[in-house]
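Enquirer: when you get a sec, could you give me coordinates for this:
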Amino acid sequence: MSDIPETTAGTTPGTADTTPGTAGTASAAASETAVGNTGTPGTAPGAPPLVELVGVSKFYGNIKALQDVSLEVHRGGISCVLGDNGAGKSTLIKIIAGLHQHDAGILAVEGEERRLASPREALDLGIATVYQDLAVVPLMPVWRNFFLGSEPTKGSGPFKRLDVPLMRRTTRSALLRMGIDLRDVDQPIGTLSGGERQCVAIARAVHFGAKVLVLDEPTAALGVKQSGVVLKYVAAARDAGLGVVLITHNPHHAYLVGDHFVLLKRGAMAGSHARADLELDELTRQMAGGSELEQLSHELERAPAPDLAAGVARTAAEG
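Expert: Numbers count the residues shown, from 1 in each chain. From the prediction side, this is the model:
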């Protein structure tokens, strides 16, 4: 998936609103308490989901990558998609992001059935995807990566050039609105920690007007502290009114922020649960394999140690 950068997560180049006073609407008040949201997604009564998949399937020849998968993404809500390697999470991301088209079922964006032909079409509809590798340029400064692919310019004709002061100011203000206070937006983004780079990518998607934010394993390669930082900004995106799709294999991270959980297993749905209907232990059990894991635990139980003394005595008696 690394060949599709998320750096254009917004409008097409030259059409993004780059005025600092209007960039993004994320609330900077995302605190630790915002992470543990237990409420229902903040949608208006009767409003269609931002993105809805109904019985979506994807086939590669005879291989069923996805079969009859359904998912709803609501404004101000976080839908978590969990599954082990090979469960179909990557295929699901590619369908929502417009990289691959589904072969069966319905994909609707804000109530209108769609068949996304390209990632650009998905971006134009407000669907931004932050991939696991982030697709940043490590040696470029933070502000340059923030606007990569959507750079504002000034002047005209042969005097047309990048508006660097505007990009610096806008990057700094957009990050601050998300509660991200970097030391210097001129530092190369490669010098930031993995969690900080994820946060910059999230802030960029919010700034460029994303309605739906798809996050591909944002905490996979992070430690405990950095994972907590990223989850805080995922909650900030939710509080800004975005619908979030969180792809993860970690049920503990999903349960901290999720409103709804969809479990995938070998391309099919293994469960779909609202947060109120599921405890963390049960989510972990289902994620780990449920009855299969219980059967494995019985198979791995230590066999009772043989009674060597009784065996020696029996051998002596027989001799």
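
Enquirer: what sits against Asp163?
Expert: For Asp163, the contacting residues are 18, 151-154, by C-beta atoms under 8 Å, 6 or more residues apart in numbering. Any C-beta I mention is one placed from the backbone N, CA and C, and that applies to glycine too.

Enquirer: distance to Ala317, secondary structure and pLDDT for those residues - can I get that in JSON lines?
Expert: Shown next, in JSON lines, are the contacts of Asp163 (distance: C-beta to C-beta, whole Å; DSSP: H, G, I helix; E, B strand; the rest coil; pLDDT from 0 to 100):
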{"residue": "Thr18", "distance to Ala317": "93", "secondary structure": "coil", "pLDDT": "40"}
{"residue": "Glu151", "distance to Ala317": "91", "secondary structure": "coil", "pLDDT": "90"}
{"residue": "Pro152", "distance to Ala317": "94", "secondary structure": "coil", "pLDDT": "92"}
{"residue": "Thr153", "distance to Ala317": "97", "secondary structure": "strand", "pLDDT": "92"}
{"residue": "Lys154", "distance to Ala317": "101", "secondary structure": "strand", "pLDDT": "91"}
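
Enquirer: just curious, which of those is nearest to Val262?
Expert: Nearest to Val262 among those, counting by C-beta to C-beta, is Thr18 at 35.8 Å.

Enquirer: so which residues of the stretch 1-150 of the chain form strands?
Expert: Counting by DSSP state E, counting those that start in this stretch, the stretch 1-150 of the chain has strands at residues 51-60, 63-73, 78-83, 104-109, 112-114, 127-130.

Enquirer: in CSV, list the C-alpha atoms belonging to the helix or strand Tyr233 falls within.
Expert: In the assignment (DSSP states H and E), Tyr233 maps to helix 224-239. The C-alpha coordinates for helix 224-239 follow below in CSV (Å, rounded to 0.1, in the frame of the first residue of the first chain):
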residue,chain,number,x,y,z
VAL,A,224,3.2,2.3,24.9
LYS,A,225,3.7,6.1,25.4
GLN,A,226,3.8,7.0,21.8
SER,A,227,0.7,4.9,21.1
GLY,A,228,-1.2,6.8,23.8
VAL,A,229,-0.2,10.1,22.1
VAL,A,230,-1.5,8.9,18.7
LEU,A,231,-4.8,7.7,20.2
LYS,A,232,-5.3,11.1,21.8
TYR,A,233,-5.1,12.8,18.4
VAL,A,234,-7.3,10.1,16.9
ALA,A,235,-9.9,11.2,19.5
ALA,A,236,-9.2,14.8,18.6
ALA,A,237,-10.1,14.1,15.0
ARG,A,238,-13.3,12.4,16.2
ASP,A,239,-14.2,15.4,18.3
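
Enquirer: list the buried residues for that helix?
Expert: Neighbour-count burial for helix 224-239 flags 226-239 (criterion: 16 or more other C-beta atoms under 10 Å).

Enquirer: and stretch 263-279, by the same measure?
Expert: So for stretch 263-279, counting by 16+ other C-beta under 10 Å, buried means 263-265, 267-271, 273, 275, 278.

Enquirer: over to stretch 46-56?
Expert: So stretch 46-56, judged by 16+ other C-beta under 10 Å, has buried residues 48-53, 56.

Enquirer: between those residues, which sits nearest Leu175?
Expert: Among these, and counting by C-beta to C-beta, the member closest to Leu175 is Leu50, at 24.3 Å.

Enquirer: quick check: the closest one touching Val244?
Expert: No. Under the criterion of C-beta atoms under 8 Å, Leu50 makes no contact with Val244, lying 9.9 Å away.
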